[in-house]
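S.K.: Need coordinates for the below:
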Amino acid sequence: MSNPVSYPVFRTTDPAVALRVARELVEVGEPQYAEVSVDVELRTVREVLRIRDALPDFWFRKEDVEDWARDPSDPTGLHVGVHAPELSDDPDFLSLHLPLWASMQYRPVGSIEEEFAALVGSNIGEIWWSSLTWPDAPDSNIYGEANNARVSLLFNCRTTDLDERADDHTVLVHVLRRSSDKDTEERHASWLAEQIGQWIIGPRQE
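M.R.: A predicted model of the protein is given here:
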């Protein structure tokens, strides 16, 4: 099983424009089996409660390996995830476990993107579309690809690790990783971007 590699193809300070471009890129692929997922990092109690109340089907978790090692019994449930309706609204409890991550995964395309983009605010977040199928690009000697066909939209950061805060939002296209043929890998990403009038704007991301 392979893993995709991604290339940034668009960047803007307007989240609505970023979402529009990402959706255009999604439409380049075959969407029959496509799904969408979202994830956001919340660093204050206020933001946790705002997102919990606005998106009651979200799941909240703690990304803290050291915390897992200290107490693998997971008494809070935050290692595996807590559904929004069951998440405590006690500020003292929540502040002990910040930052929290909130996510919703593998939903129908078009079901959550606009609402999430409007709510993410200044938080680091991501929308990603998976289970696409990229079409053939015979003029470029590139053929249809399903397992690695994805699009992601990063809010307030520029890396897929979601670890570098930025003041803008980045759209990335994901293609088959070709360890021995990076030229083809980049040509594929470039060809996909060209289908919506964009181009590669930065180095590949693992």
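
S.K.: quick one: pLDDT of residue 2?
M.R.: Listed pLDDT for residue 2 reads 61.

S.K.: Strands of this structure, start to end?
M.R.: For the chain, the strands defined by DSSP state E occupy 4-12, 35-42, 59-61, 82-83, 100-108, 125-130, 150-157, 165-176.

S.K.: pLDDT (mean, whole number) over stretch 6-18?
M.R.: 97.

S.K.: Would you mind measuring the gap between the ends of it?
M.R.: Chord length of stretch 6-18, first to last residue, is 16 Å (C-alpha to C-alpha, to the nearest Å).

S.K.: List of residues touching that stretch?
M.R.: Stretch 6-18 is contacted by residues 21-22, 25, 117-118, 120, 150, 152-153, 155, 158, 160, 167-175, 186, 189-190, 192-193, 198-205 when judged by C-beta atoms under 8 Å, 6 or more residues apart in numbering. C-betas here are computed from N, CA, C, even on glycine.

S.K.: Tell me, please, the helix or strand in this protein that averages the lowest pLDDT.
M.R.: For the chain, using mean pLDDT, DSSP states H and E, the weakest element among its helices and strands is helix 65-70, scoring a mean of 64.

S.K.: gap between the nearest residue to residue 121 once chain neighbours are set aside and residue 188?
M.R.: Nearest residue to residue 121, sequence neighbours excluded (C-beta to C-beta, 6 or more residues apart in numbering): residue 47, at 7.5 Å. With distances taken as C-beta to C-beta, to the nearest Å, residue 47 is found 38 Å from residue 188.

S.K.: Which of those two has more residues huddled nearby?
M.R.: A count of neighbours by other C-beta atoms under 10 Å puts residue 188 above the other of residue 47 and residue 188, at 24 against 21.

S.K.: which residues does the more buried one contact?
M.R.: Shown in contact with residue 188 (C-beta under 8 Å, 6+ apart): 134, 137, 140, 142, 145, 175-176.
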